[in-house]
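Enquirer: sequence and predicted model, in that order:
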Amino acid sequence: MADLDATIARARELGAAVYIPRMDSPKGTFVAFQDPQGAHFYVIQLNGE
């Protein structure tokens, strides 16, 4: 993913709520969301991208 901030903003525009705030991990940075129907999904920006 080239732009994590833009992806977070777009997910929120589409009604997703942040479930786990932006967090760094050994592989990259991720955020978890909950969509309006209650499903959870994650987006990750891998290190070096």
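Expert: Thanks, I have it. Since the model is a prediction, treat every value here as computed from it, not as a measurement. Residues are numbered from 1 along each chain as shown.
Enquirer: quick one: Gly15 is in a strand?
Expert: No - under DSSP: H, G, I helix; E, B strand; the rest coil, Gly15 falls outside any strand and is assigned coil.
Enquirer: how many residues are close by the nearest residue to it once chain neighbours are set aside?
Expert: Spatial nearest neighbour of Gly15, chain neighbours left out: Pro36 (4.3 Å); criterion: Cβ to Cβ, 6 or more residues apart in numbering. Bear in mind the C-beta positions are built from the backbone N, C-alpha and C, glycine included. When neighbours are counted by other Cβ atoms under 10 Å, Pro36 registers 9.
Enquirer: quick check: phi and psi on Pro36?
Expert: Main-chain dihedrals, Pro36, degrees, to the nearest 10: phi -60, psi -20.
Enquirer: and if you look at the one 10 residues further on?
Expert: Dihedral angles phi and psi of Leu46 (degrees, to the nearest 10) take the values phi -70, psi 150.
Enquirer: does it touch Ser25 like I think?
Expert: No - contact criterion Cβ atoms under 8 Å: Leu46 and Ser25 do not qualify, at 9.8 Å.
Enquirer: what's the separation between the residue nearest to Gly15 and Tyr42?
Expert: For Pro36, the distance to Tyr42 equals 17 Å [Cβ to Cβ, to the nearest Å].
Enquirer: now Gly28
Expert: In terms of Cβ to Cβ, Gly28 sits 11 Å off from Tyr42.
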